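Enquirer: Predicted model follows, preceded by the sequence.
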Amino acid sequence: MRILIVEDEKKVASFIKKGLEEEHYAVDVAYDGEVGLYMAEVNEYDLVVLDLMIPKVDGLEVLKRIRREKNNVPVLVLTAKDSVEDIVKGLDSGCDDYLTKPFNFLVFLARVRALLRREKMEKEPLLKIADLTLSPVTHKVARGGKEIELTSKEYALLEYFMRNPDRVLTRTMIAEHVWDYHFDSMTNVVDVYVNYLRKKIDKDFEPKLIHTLRGIGYILSAGKQTAPEPNMAQGKP
């Protein structure tokens, strides 16, 4: 799951980022509303954590513009503005939850999980390709009726593949979605985790589902892949 934090207090942003990463989320940070809007536009996020008192474009305006773009990403407002009027204004502007500073991090994590769980339940309840199934709600993965145990990163990688079947995913797209915006694309960790995943979902099964497009990336497909279609590697992660 990929989360965007829009927070101008760098110590607070760093604290939240570290805590979320310890819970195995991929996290990007923007320190002002202008950058936050840009990142929300060009990247696909599962949740946005948004402060209201941020420079360049204030949080309420960021929220309104996200909603005007028909972007339904869940937004958790995290702010020091704690009056009833502020809370009502935030909720009426389109946020999904409102938490005031100072806050308890365990409560914050519970709010994050609740929003992500609700988002998953509103989406397709079961992802399936050939005899491979993945439940975004329960996180259970099975192939041919046999349950498969995955690590958190393997699960995130497989979910990304299964939400983009028959689509070429470059290593950069995978890295930025499953890891984070500033991921070092020079490492081979994407290939390593794809191999881990192959051993679990493909090694003892037919047909093979994860295909390598040499020099480009990977594709999850029930059909044999030999070469990409023109421009298939284009698109945002």
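Expert: The structure has been received and is ready for your questions.

Enquirer: For the longest helix along the chain, give me every contacting residue.
Expert: The single longest helix within the chain, with elements called by DSSP state H, is helix 105-122. Helix 105-122 has contacts (CB atoms under 8 Å, 6 or more residues apart in numbering) with 1, 3, 15-16, 19-20, 23, 46-47, 49, 74, 76, 78, 96-97, 99, 136-137. C-beta here means a position set from N, CA and C on the backbone, and glycine is covered the same way.

Enquirer: Please pick the buried ones from these.
Expert: In the contacts of helix 105-122, burial by neighbour count holds for 1, 3, 16, 19-20, 46-47, 49, 74, 76, 78, 96-97, 99, 136, counting by 16 or more other CB atoms under 10 Å.

Enquirer: Which of those residues fall within helices?
Expert: Here DSSP H is the test, and these give 16, 19, 20 as lying in helices.

Enquirer: and the first one, what does it touch?
Expert: Applying CB under 8 Å, 6+ apart, one finds that residue 16 lies in contact with 5, 7, 27, 49, 78, 108.

Enquirer: does the residue lying closest to the second one once chain neighbours are set aside count as helix, strand or coil?
Expert: Going back to what we said before, that points to residue 7. Counting by CB to CB, 6 or more residues apart in numbering, residue 7 lies nearest to residue 13, which is 4.1 Å off, once chain neighbours are set aside. When classified by DSSP: H, G, I helix; E, B strand; the rest coil, residue 13 comes out as helix.

Enquirer: Tell me who's in contact with residue 13.
Expert: Going by CB under 8 Å, 6+ apart, the list of residues near residue 13 reads 5, 7, 29, 31.

Enquirer: how near is it to residue 1?
Expert: According to CB to CB, to the nearest Å, residue 13 and residue 1 sit 18 Å apart.

Enquirer: do the same with residue 219
Expert: Distance, residue 219 to residue 1, using CB to CB: 22 Å.

Enquirer: which parts of stretch 155-169 are buried?
Expert: For stretch 155-169, using 16+ other CB under 10 Å, the buried residues are 155-164, 167-169.

Enquirer: Stretch 137-149 now?
Expert: In stretch 137-149, the ones that count as buried by 16+ other CB under 10 Å are 141, 143, 148.

Enquirer: Could you list the low-confidence segments of this structure?
Expert: Where the chain drops to pLDDT under 70, the residues are 119-124, 180-186, 224-237.

Enquirer: please redo it, this time with the cut-off set to 80
Expert: 1, 118-125, 137-138, 179-187, 223-237 (pLDDT under 80).

Enquirer: Let me see the domain layout of it.
Expert: Domain assignment for the chain by automatic domain parsing gives 2-122, 127-220.

Enquirer: returning to that earlier point: what about the buried residues of stretch 137-149, which are in strands?
Expert: 141, 143, 148 (DSSP state E).

Enquirer: Would you convert the residues you listed into a markdown table that also reports distance to residue 42?
Expert: Below are those laid out as a markdown table (distance: CB to CB, whole Å):
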| residue | distance to residue 42 |
| --- | --- |
| 141 | 29 |
| 143 | 34 |
| 148 | 33 |
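
Enquirer: Just give me the closest of these to residue 125.
Expert: residue 141 (14.2 Å; CB to CB).

Enquirer: list the contacts for the closest one?
Expert: 132, 133, 134, 135, 147, 148, 150, 155, 158, 201.

Enquirer: change it to 6 Å
Expert: Residues in contact with residue 141 (CB atoms under 6 Å, 6 or more residues apart in numbering) are 134, 148, 150.

Enquirer: what about residue 31, neighbour count?
Expert: Neighbour count of residue 31, defined by other CB atoms under 10 Å: 18.

Enquirer: for the nearest residue to it once chain neighbours are set aside, helix, strand, or coil?
Expert: Using CB to CB, 6+ apart and skipping the chain neighbours, the partner closest in space to residue 31 is residue 8 (5.2 Å). Following three-state DSSP, we place residue 8 in the coil state.
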